[in-house]
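Novice: return atomic coordinates for the entry below.
(one chain, ligands or ions: 1)
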Amino acid sequence: MGYPHKSHPRETPVLSRHFGDTDARTLAGWRQRGGYRALEQALGQTPAEVVATVKESGLRGRGGAGFPTGLKWSFMKPGDGKPHYLCCNADESEPGTFKDREIMRWTPHALVEGCAIGAYAIGAETAYIYVRGEFTEPLQRLTDAVREAYDEGVLGARAMGSGTRLDIIVHKGAGAYICGEETALMNSLEGRRGVPRIKPPFPAVAGLFGQPTTINNVETLAAVPPMPLPRKPLAFASAIAFSRICAPSTNSPRM
Ligand SMILES: Cc1cc2nc3c(=O)[nH]c(=O)nc-3n(C[C@H](O)[C@H](O)[C@H](O)COP(=O)(O)O)c2cc1C
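Specialist: Prediction:
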């Protein structure tokens, strides 16, 4: 694992624009680069408004299926009296694929911020990040970032000084390709054998610990903070700006 290549002059890097910049790994450095502003704005809105922004952006899941992220989040019903969970799929076991690994290595706070926004939007107090067991350096970076976020009050009982509780738990997987499948990942998180579950029920109905759960890929969640929030009055303009930097086939930003 070394330093990344420089971008081509005609590229507009979004998620990878701070790759190679070691200062961006720290919370102070992330804040200097505009980090945690989106979370602050999101916490000032209702969960439904945050979901609407993500829907409008056209963001699609980067875990493989390209499922619309805002639509997935809208399946969760905050305030239904049940505990909700967000799972971040950082298992990345596809041979030769290291996009999620690089996000966690270089910009761990982008993922922490994306998880915090996602958890708030779906009414979850707890987000689990399930990291592939072999990813030793990314695991360390992410653990450090989460610890810093707690120390600075970004996470915890009053996240960013709001009345919202947001917890993130980083979980090290044992290194099994199948645990990248969403329901196998949930079994593994629960301490069970990592085998897929029969669907339905889908995770939004009965997921982690049998409770409503949303699962998203690392790149999907890290792509959420760069979306300008709040939704109004910038919503339309921001969706257009965002789509300009997106790959047309997936509506997701190129790394
Ligand atoms: C065998 C198998 C392995 C998978 N491995 C991964 C993986 O390593 N990382 C990942 O994000 N999604 C993986 N997926 C897809 C997840 O089940 C799930 O759809 C995805 O994490 C949802 O995130 P998204 O909506 O942000 O794309 C895998 C699916 C299957 C069937």
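Novice: what residues does the nearest residue to residue 123 once chain neighbours are set aside make contact with?
Specialist: With sequence-adjacent residues excluded and distances taken as C-beta to C-beta, 6 or more residues apart in numbering, residue 123 is closest to residue 78, at 2.6 Å. Heads up, the C-betas are built off the backbone N, CA and C, glycines and all. Contacts for residue 78 (C-beta atoms under 8 Å, 6 or more residues apart in numbering) come out as 47, 84, 122, 123.
Novice: center of the chain, which residue is that?
Specialist: Geometric centre of the chain, nearest residue: residue 221, 2.5 Å, by C-alpha atoms, centre = their mean.
Novice: for it, helix, strand, or coil?
Specialist: Using DSSP: H, G, I helix; E, B strand; the rest coil, the structure places residue 221 in helix.
Novice: returning to what we had before: farthest-separated two in the contacts of residue 78?
Specialist: Using C-beta to C-beta, the contacts of residue 78 span at most 10.2 Å, a distance reached by 47 and 84.
Novice: are there residues contacting both of these two? Which ones?
Specialist: 78, 122, 123.
Novice: quick check: the second one vs residue 217, distance?
Specialist: Plainly put, residue 122 is 15 Å away from residue 217 if you go by C-beta to C-beta, to the nearest Å.
Novice: ok, now which ones touch the residue nearest to residue 181 when sequence neighbours are not counted?
Specialist: Nearest non-adjacent residue to residue 181, counting by C-beta to C-beta, 6+ apart: residue 196, 5.0 Å away. Going by C-beta under 8 Å, 6+ apart, residue 196 touches 178, 181, 183, 184, 187.
Novice: quick check, the residue in the stretch 101-250 of the chain closest to the ligand?
Specialist: Residue of the stretch 101-250 of the chain nearest the ligand, by C-beta to the nearest ligand atom: residue 180 (2.3 Å).
Novice: shouldn't that residue be in contact with residue 93?
Specialist: Yes - at 5.2 Å, residue 180 counts as touching residue 93 under the criterion of C-beta atoms under 8 Å.
Novice: so between the two, which is more surrounded?
Specialist: Using other C-beta atoms under 10 Å, the more surrounded residue of residue 180 and residue 93 is residue 180, with 21 against 15.
Novice: enumerate every residue touching that one.
Specialist: If a contact means C-beta under 8 Å, 6+ apart, then residue 180 has 63, 89, 91, 92, 93, 94 as its contacts.
Novice: from the ligand, how far off is the fourth one?
Specialist: The spacing between residue 92 and the ligand, counted by C-beta to the nearest ligand atom, to the nearest Å, is 5 Å.
Novice: tell me how far that residue lies from residue 13.
Specialist: 20 Å.
Novice: which one's more surrounded, these two?
Specialist: Neighbour count, other C-beta under 10 Å: between residue 92 and residue 13, residue 92 has more, with 23 against 16.
Novice: skipping adjacent residues, who's closest to the more buried one in space?
Specialist: Per C-beta to C-beta, 6+ apart, closest to residue 92 is residue 100, 4.3 Å.
Novice: surely that neighbour meets residue 219?
Specialist: Yes - using C-beta under 8 Å, residue 100 is in contact with residue 219, at 6.0 Å.
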